[in-house]
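# structure for this input, please:
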Amino acid sequence: MGGNVSKARNVSFGLDEEEKVTVVEGVKLSEDVLRRMRESQGSERVRPSSPPAPDSHKTSPSAKPAEPSASETQEEIRKNYERQQALVQEQLAKLAQRERETAAVTDMDRTTPAVIMEKWRTHEEQEKAKLLPADLDAWAKRLEWKEQELATISSFYKEQLEILEKKNFENYKQTAEQYCEAATKTEAWIR
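Numbers count the residues shown, from 1 in each chain. Okay, here's the model as predicted:
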């Protein structure tokens with residue numbers, strides 16, 4: 001189970017009458033865990049679960065207690081292994097549930113006004129980003145219209161400037177002619 005890579009696995013298990021897990025599928029246990037489980041099974045067999053009840057009918061001393069066969073031992077080992085696996089999976093499921101509950105609670109705690117405002121700003125910026133292409137088109141049209149308006153105004157002012165320069169030149173000519181005439185008259189009058 002250890003390792004650097006974490007994977008999600010589908011695990012199923014079953015419960016017996018005592019609500020103990022009996023079957024677990026989808027979990028691979030390491031050799032170390034299997035060895036410990038086998039050792040614990042061996043020690044369970046060695047120690048008696050309860051002292052033998054006094055029996056009025058004693059068996060003959062020559063009769064040997066029946067030892068379980070190899071297939072029964074294998075079956076017991078398998079069942080114990082499955083029980084252990086189921087317990088591990090049940091504990092993992094409980095732990096995962098607690099982690100989910102803790103995560104849900106911490107998410108609720110983190111929802112402070114500052115976080116809410118930040119989420120709102122982020123949402124608002126995303127909406128603006130969605131509208132940006134449409135806004136850019138509108139801005140481009142407005143810019144073209146403004147450029148046309150400025151070009152029209154520029155041509156109007158150029159025309160007005162030309163008219164003023166023409167009038168100014170005519171006034172200059174007229175003033176120069178009047179000056180020459182006045183100078184000629186004054187010269188003639190002085191002589």
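
# could you use CA atoms for every contact and neighbour count after this?
OK.

# this structure: strands as residue ranges?
12-15, 21-25 (DSSP state E).

# state the mean pLDDT of the first one.
This predicted structure assigns strand 12-15 an average pLDDT of 64.

# same thing with the last one?
Averaging the model's pLDDT scores along strand 21-25 yields 61.

# do stretch 180-191 as well
91.

# list the buried residues for it?
Buried residues in stretch 180-191, counted by 16 or more other C-alpha atoms under 10 Å: none are found.

# please apply the same query to stretch 144-160.
If you call a residue buried by 16+ other C-alpha under 10 Å, then stretch 144-160 has no buried ones at all.

# I'd like the average pLDDT over that stretch.
pLDDT averaged over stretch 144-160 gives 96.

# next, count neighbours for Glu83.
One correction, residue 83 is Arg, not Glu. Applying other C-alpha atoms under 10 Å, we find 21 residues neighbouring Arg83.

# repeat that for Glu162.
12.

# ok, Val27 to Leu92 distance?
Separation of Val27 from Leu92 (C-alpha to C-alpha, to the nearest Å) stands at 11 Å.

# among these two, which residue is more densely surrounded?
Val27 (15 against 12).

# what is the neighbour count of Glu82?
19.

# do Glu90 as well
Glu90, neighbours per other C-alpha under 10 Å, totals 18.

# in contact with Ala188, which residues?
Applying C-alpha atoms under 8 Å, 6 or more residues apart in numbering to Ala188 gives no contacts.

# good, wrapping up.
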